Every structure is written in C-alpha cells, then in structure tokens.
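Visitor: predicted model, plus sequence, below.
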Amino acid sequence: MPLVLITHTLPERWLAALDGHCRMLVGPADATRLAPELEAHLADADGLFTLLTIPVNQALLDRAPRLRVVSNMAVGVDNIDLAACTRRGVPVGNTPGVLTEGTADLTMAILLAAARRLLEANADARAGRWITWSPTGWLGADLNGANLGIIGMGKIGKAMAERARAFGMHILYSDPQPQPELEAHLQATHLPLDELLELSDFVSLHTPLTSLTHHLIGEPQLRHMKPTAILVNTSRGPVVHTEALVQALQKGWIAAAALDVTDPEPLPPNHPLYSLPNCLVVPHIGSATRDTRRAMAERACLNLLSGLRGERLPFCVNPEVYAQNI
C-alpha cells in the first residue's frame, strides 16, 4: 500500500476514510515543522497530508521523489509552493466550503467583543475594578448603522456580510471583482481600498495571503482609518504589518483590533500586542468547531485518496497540473 505522511496527530475517526487504503506515519500534534521521524521517510512517501503550519517547498519536494499528492487541511495554501508542486506534477488539494460559516461566526464574535470592549470589561471585573454600575464605564461602539468594510469578498467575506446586515450594518467592500448581484442583495457598495478604509467604522479582512496582499494593511492604511475604527483579521497574519499595528493601537490611529491570526504565529508570550487592552488575540480558531474541523479532515482525506489513485482531486488548487500531464 502507498505510504502517507500525516504531519500532525488527529483523531482517528477524522482519518477513518484512509483505513485500508494506505500506510500512515503520523507526526506530533503540536508540530511547527515536519517532524524528524517523518522526514526520514520522505524518500518513500507517496502522499502528504499537511496542516498550514508545515512548509511544503522545493527542498521538501526534492527529498520526496515518489510524492503523488499533497493534501492541505485548510482553505489557504500559502504554506505550499504551488509552482514547485506543479512543475513536479504533484496536485495540491485544500478544503474549501466547509469552514465558511464557522469562520464567519468567529469573525462576528471577535468583532462584537472588540466593539463592546469585553476583554477590558472582563479584566476589570476579575481585578475588582468593577465598583458599581457606571453610566460612563466600558463604553463601546454600536453596530447598528455602522459601516463595515470587508476586504476580500469571497465565501467567508460574503458570509460575514450576511451576519453584519442582520446587525443593521452598512456593507462596504473592496475586491478585485465587483459583484453587482451581491451589491443588490446586501445593499453593499464596492469601493477602492483607501476610500473603504476612510469610511469604515469596522474593517474585516478576508483576503488570501499572496505577494499582493502581504502587508496590505500597513502604516499608511492604518493612518487612513478612523481613530474610532476597529480592525478585525481572520484571514492570515502577514496581511497586516504587525509593528505598524502595535503603533496604531498605542498611538490611537485606530481604536482597537481583534485578531484570530498574527505574524508571527503564534506571537511570543511577551509580544506587545498581548499587553494592549484594546487588542484581542485568539489562537487561530476561526474553523475550530467540532463539525467543521472533522469535515475539513474528511475533505482532505478525499483529496489524498484521489491523488493516490491517480484521479483528479475533488478540491484542487493547481488544476493546471492536469493539463500539463495530458
């Protein structure tokens, strides 16, 4: 049977579809790089089941001459050198669709938490600083009537827009492709990035990480936002310039930030973002529901098995690999 390297320990039931179809070698649950015990078997590996923390680059491919498929248990594939995989004729799969609703829920949750200053309020209550009901204490921002600027109107961006409309928010969006049907459905307005930043009370990032979106939000963009604005990032950490964000929060260029992703990830425990009362950081949990994570694993298994059988991956991010093999 073909040999598959699974970079992280996962619940057995999530990988049940692989039973009887391949031999599996599994890495540790907290791996941030390919574990040495898996590296030793790269030369014999037919398939690679990865998480987004594991780089799949040319150097790894050079050590895996038998590799037939890479299956990434994530929507984003910025950890994978797609061009190198395509040159080698290796199809790469991802897990779109199944995490849209969970990630949009989490985005709305941390936006609300930042808007209503829940981190600060909870800390003050625990520390005994809650003396009595205060008419001016822990004042937050209203969502009803506020402008939400969505950067990247893909599936998750659209799901976030639906939730925001239910809260009475006005939807602004920046995306390379205007979407007239969406605009009509959600009464959304397509704007250039600078104009969106200038007008938005909340800015929510839903763009993939590419060479064009790396540090998309840096000092010039943060200075362009309202001083009362709140930035929410559930896309990828490097879309935001971390040092610029620290300055923005310290100097009042913006009011607050809520982050599910960071750069680096994870942040070191002594990072200044953790010490700021106006910055909420959670550990990349956008898709962290029981049903969502299991569905992601099952979809990754489908991609993996298809690749091992020489069939087209159901969810392939480099479909040009098939055209070049005709």
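Guide: Alright, I've got the coordinates.
Visitor: quick check, residue 209 in contact with residue 75.
Guide: No - assessed by CB atoms under 8 Å, residue 209 is found out of contact with residue 75, at 11.1 Å. Using the backbone N, CA and C atoms, a C-beta is placed for each residue, glycine as well.
Visitor: pick out whichever of these two has more residues nearby.
Guide: residue 75 (23 against 19; other CB atoms under 10 Å).
Visitor: quick one, phi psi at the more buried one?
Guide: Note on residue 75: its backbone torsions stand at phi -80, psi -50 [degrees, to the nearest 10].
Visitor: and residue 80, by the same measure?
Guide: As for residue 80, its main-chain torsions (degrees, to the nearest 10) stand at phi -120, psi 130.
Visitor: would you map out the domains in this protein?
Guide: Annotated domains of the chain cover 3-98+290-323, 100-281 [automatic domain parsing].
Visitor: now those in JSON lines, with mean pLDDT?
Guide: Converted to JSON lines, the domains of the chain look like this (pLDDT from 0 to 100):
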{"stretch": "domain 3-98+290-323", "mean pLDDT": "97"}
{"stretch": "domain 100-281", "mean pLDDT": "97"}
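Visitor: would you map the helices across this structure?
Guide: 36-39, 58-62, 82-88, 100-115, 118-126, 155-166, 180-186, 193-199, 219-224, 242-251, 272-275, 290-308, 320-323 (DSSP state H).
Visitor: any chance of those in TSV, with distance to residue 17 too?
Guide: Listed next are those as TSV, based on distance: least, CB to CB, whole Å:
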stretch	distance to residue 17
helix 36-39	20
helix 58-62	25
helix 82-88	23
helix 100-115	21
helix 118-126	40
helix 155-166	24
helix 180-186	35
helix 193-199	42
helix 219-224	43
helix 242-251	38
helix 272-275	39
helix 290-308	4
helix 320-323	23
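Visitor: make TSV out of those helices and add distance to residue 27 and mean neighbour count.
Guide: Formatted as TSV, the helices of the chain follow (distance: least, CB to CB, whole Å; neighbours: other CB atoms under 10 Å):
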stretch	distance to residue 27	mean neighbour count
helix 36-39	5	14
helix 58-62	13	15
helix 82-88	20	17
helix 100-115	25	22
helix 118-126	34	15
helix 155-166	28	20
helix 180-186	41	13
helix 193-199	39	17
helix 219-224	38	17
helix 242-251	28	18
helix 272-275	28	13
helix 290-308	15	20
helix 320-323	25	14
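Visitor: between those helices, which gets nearest to residue 23?
Guide: Among the helices of the chain, the nearest to residue 23 by CB to CB is helix 290-308 (11.0 Å).
Visitor: who are the packing partners of the closest one?
Guide: On a contact count with 3 or more CB pairs under 8 Å, 6 or more residues apart in numbering; DSSP states H and E, helix 290-308 meets strand 47-50, strand 69-72, strand 92-93, helix 100-115.
Visitor: let's see that with 7 Å instead.
Guide: Applying 3 or more CB pairs under 7 Å, 6 or more residues apart in numbering; DSSP states H and E, one finds that helix 290-308 makes contact with strand 47-50, strand 69-72.
Visitor: alpha carbons only: can I get the last one in PDB?
Guide: Written as PDB, here are the backbone C-alpha positions of strand 69-72 (Å, rounded to 0.1, in the frame of the first residue of the first chain):
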ATOM      1  CA  VAL A  69      -0.300  14.300  -3.900                       C
ATOM      2  CA  VAL A  70      -0.200  17.000  -1.200                       C
ATOM      3  CA  SER A  71      -3.500  17.400   0.700                       C
ATOM      4  CA  ASN A  72      -3.700  20.500   2.900                       C
END
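Visitor: residues contacting the residue nearest to residue 64 when sequence neighbours are not counted?
Guide: Sequence neighbours aside, residue 42 is the residue nearest to residue 64 in space, at 4.5 Å (criterion: CB to CB, 6 or more residues apart in numbering). Shown in contact with residue 42 (CB atoms under 7 Å, 6 or more residues apart in numbering): 60, 63-64.
Visitor: how much space separates residue 42 from residue 306?
Guide: Distance, residue 42 to residue 306, using CB to CB, to the nearest Å: 21 Å.
Visitor: please apply the same query to residue 140.
Guide: With distances taken as CB to CB, residue 140 is found 48 Å from residue 306.
Visitor: cool, and residue 99?
Guide: According to CB to CB, residue 99 and residue 306 sit 20 Å apart.
Visitor: and which of the contacts of residue 42 is nearest residue 159?
Guide: For these, the nearest to residue 159 is residue 60 (33.5 Å; CB to CB).
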